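Undergrad: the sequence and its predicted three-dimensional model are supplied below.
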Amino acid sequence: MSKLFSPIQLRGLTVKNRIFMSPMCQYSAHDGILNDWHRVHYGGRAVGGAGLVMIEASSVSPEGRITPYDSGIWSAQQVEALRPIIASIREQGATPGIQLAHAGRKGSCTQPWKGGKGISLKDGGWQPPAPSAIPFSADYNMPVEMSRADIDKVTAEFAASTKLALDAGFETVEIHMAHGYLLHQFLSPLSNHRSDSYGGSLENRMRFPMQVAQTVRDLWPDDKPVMVRISATDWVEGGWDMAGSLALVRRLKSIGIDMVDVSSGGLVPGAVIPAAPGYQTAFAAELRRETGMAISAVGMITDAVQAEHILVTQQADVVSIARELLRDPYWPLHAAKKLGVDIPWPPQYQRAKP
Ligand SMILES: Cc1cc2nc3c(=O)[nH]c(=O)nc-3n(C[C@H](O)[C@H](O)[C@H](O)COP(=O)(O)O)c2cc1C
């Protein structure tokens, strides 16, 4: 029996296999409201056999978006648009999840295919909040240093979005603390130059991300898991690193976070990242071994045997697949065949099953 196609239990939730669709922004929403593109996109990956389908980074507020076209989860209208997408995921026996996000200083940008650069205030952009007034790069807007009241406001926004995610019908939420977005900006000494209790020591830099994690965990039902995505390292000297990640994951575990998805980078432009197949799994393995947290590995996992190997060698509990699922929505069905596992195909496609 393959590990990849064995179910995983997280609290009261059983996911049918260990292939998670990694969250991927589509930059195709209007006012944060998802549409037919998303229904086909996510429903299609559920048809393709992914065990868990994680809806893309969904902002907790309008100014928390990367682009004006990001998914949002701050209004009832957004929840109504999510319902049919969730239904199409569930119909295939897959588990629906959503990533809750705030872009911080990486907000107010054009879509990547339009250059991914800062939209100025005169062109309808906004001045994003951040731990310190340090822009991501010269191409991005200057952020505003968050006050204590701003920190409480964003915490309240995460709380409101968590309630909306529950109302929409998600089984799990993933808090985005990776890729240089707001919560990661607080963690890293490169983007957090604060002199109050939210900056300076590791303890202080973890304070706001932990406050958000605690708030979400308190609101999410006891029988449903909460996930967190982190960047294990900034890949830059003097930046966020594995020592910090180990401390953070231990702390997340102590408050009942159920799984950590281990990515890396994104905090500063120009970091040299040795991207190659499975380049982040060593971080996943170390965090899993040292903390006992359930771990998702992500990053250039594209082959069934590679994915099975990561799980069998106990580097991770699940694999999250991103770009390979864009290339091939049916990757899980093909992976099963490759590993010699007989999984059911949607009955409509039965006559095509090899
Ligand atoms: C189009 C696209 C959009 C992405 N959007 C998100 C996102 O919303 N949230 C996130 O945490 N990561 C996002 N990522 C990163 C992926 O989830 C994943 O971590 C990364 O692509 C590495 O995995 P892969 O090699 O399987 O693609 C995105 C990646 C791509 C290609």
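TA: Done, it's in.
Undergrad: ok, Ala213 - contacts?
TA: If you count contacts by C-beta atoms under 8 Å, 6 or more residues apart in numbering, Ala213 has them with Ile175, Val226, Val228, Leu252, Ile255, Ile257. For every residue, glycine as well, the C-beta is placed using N, CA and C.
Undergrad: again, but for Lys224
TA: Going by C-beta under 8 Å, 6+ apart, the list of residues near Lys224 reads Arg11, Gly12, Leu13, Glu171, Thr172.
Undergrad: filter those residues down to the buried ones.
TA: Arg11, Leu13, Glu171, Thr172 (16 or more other C-beta atoms under 10 Å).
Undergrad: can I get these in JSON lines with pLDDT and distance to Ser61?
TA: Below are the buried ones among the contacts of Lys224 laid out as JSON lines (pLDDT from 0 to 100; distance: C-beta to C-beta, whole Å):
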{"residue": "Arg11", "pLDDT": "98", "distance to Ser61": "28"}
{"residue": "Leu13", "pLDDT": "98", "distance to Ser61": "27"}
{"residue": "Glu171", "pLDDT": "98", "distance to Ser61": "24"}
{"residue": "Thr172", "pLDDT": "99", "distance to Ser61": "21"}
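Undergrad: for the ligand, tell me which of those show up nearby.
TA: For the ligand, no contacts are drawn from those by C-beta under 6 Å from any ligand atom.
Undergrad: distance of Val226 relative to the ligand?
TA: For Val226, the distance to the ligand equals 15 Å [C-beta to the nearest ligand atom, to the nearest Å].
Undergrad: err, Gly93, not the other one
TA: Where the ligand is concerned, Gly93 sits at a distance of 22 Å (C-beta to the nearest ligand atom).
Undergrad: burial of that residue, as a residue count?
TA: 14 (other C-beta atoms under 10 Å).
Undergrad: pretty sure it sits in a strand.
TA: No - Gly93 is assigned coil when assessed by DSSP: H, G, I helix; E, B strand; the rest coil, not a strand.
Undergrad: got a list of what it touches?
TA: Lys16, Ala46.
Undergrad: what of the one 5 residues further on?
TA: For Ile98, the contacting residues are Met54, Ile55, Ser58, Ile73, Leu82, Ala165, Ala168, Phe170, Thr172, Val173, Glu174, taking C-beta under 8 Å, 6+ apart as the criterion.
Undergrad: nearest residue to it other than its sequence neighbours?
TA: Ile55 (4.2 Å; C-beta to C-beta, 6 or more residues apart in numbering).
Undergrad: what of Trp113?
TA: Tyr27 (7.9 Å).
Undergrad: what about that neighbour, distance to Asn192?
TA: 27 Å (C-beta to C-beta, to the nearest Å).
Undergrad: before we move on, what about Gly238?
TA: Counting by C-beta to C-beta - Gly238 and Asn192 are separated by 12 Å.
Undergrad: neighbour count winner among the two?
TA: Higher neighbour count among Gly238 and Asn192: Asn192, with 21 against 9, using other C-beta under 10 Å.
Undergrad: pLDDT wise, what is that one at?
TA: What the model reports as pLDDT for Asn192 is 98.
Undergrad: I'd guess it is in a strand, am I close?
TA: No - under three-state DSSP, Asn192 falls outside any strand and is assigned coil.
Undergrad: just list the residues touching the residue lying closest to it once chain neighbours are set aside, thanks.
TA: Counting by C-beta to C-beta, 6+ apart, the nearest residue to Asn192 once its immediate chain neighbours are dropped is Pro131, at 4.2 Å. Residues in contact with Pro131, defined by C-beta under 8 Å, 6+ apart, are Gly104, Glu145, Met146, Gln185, Phe186, Ser191, Asn192, His193, Arg194, Tyr198, Gly199, Phe208.
Undergrad: most surrounded residue in the residues you listed?
TA: Gln185 (31 neighbours).
Undergrad: the helix or strand Leu252 falls within: what's the following helix or strand?
TA: Using DSSP states H and E, Leu252 falls within helix 242-254. Past helix 242-254, further along toward the C-terminus, the next helix or strand under DSSP H and E is strand 259-263.
Undergrad: please work out which residues outside that next one touch it.
TA: Against strand 259-263 from outside (C-beta under 8 Å, 6+ apart): 10, 20, 22, 174, 178-179, 225, 227-232, 245, 249, 252, 280, 283-284, 287, 293-299, 316-318, 320.
Undergrad: which residues of the stretch 51-200 of the chain lie near the ligand?
TA: Glu56, Ala57, Gln99, His176, Ala178, His179.
Undergrad: just checking, what packs against the longest helix anywhere in the chain?
TA: Longest helix in the chain by number of residues (criterion: DSSP state H): helix 148-168. Other helices and strands packing on helix 148-168, by 3 or more C-beta pairs under 8 Å, 6 or more residues apart in numbering; DSSP states H and E, are helix 76-90, strand 95-101, strand 172-177, helix 202-219.
Undergrad: make CSV from these and add distance to Ala156 to it.
TA: Formatted as CSV, the helices and strands packed on helix 148-168 follow (distance: least, C-beta to C-beta, whole Å):
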stretch, distance to Ala156
helix 76-90, 17
strand 95-101, 13
strand 172-177, 15
helix 202-219, 8
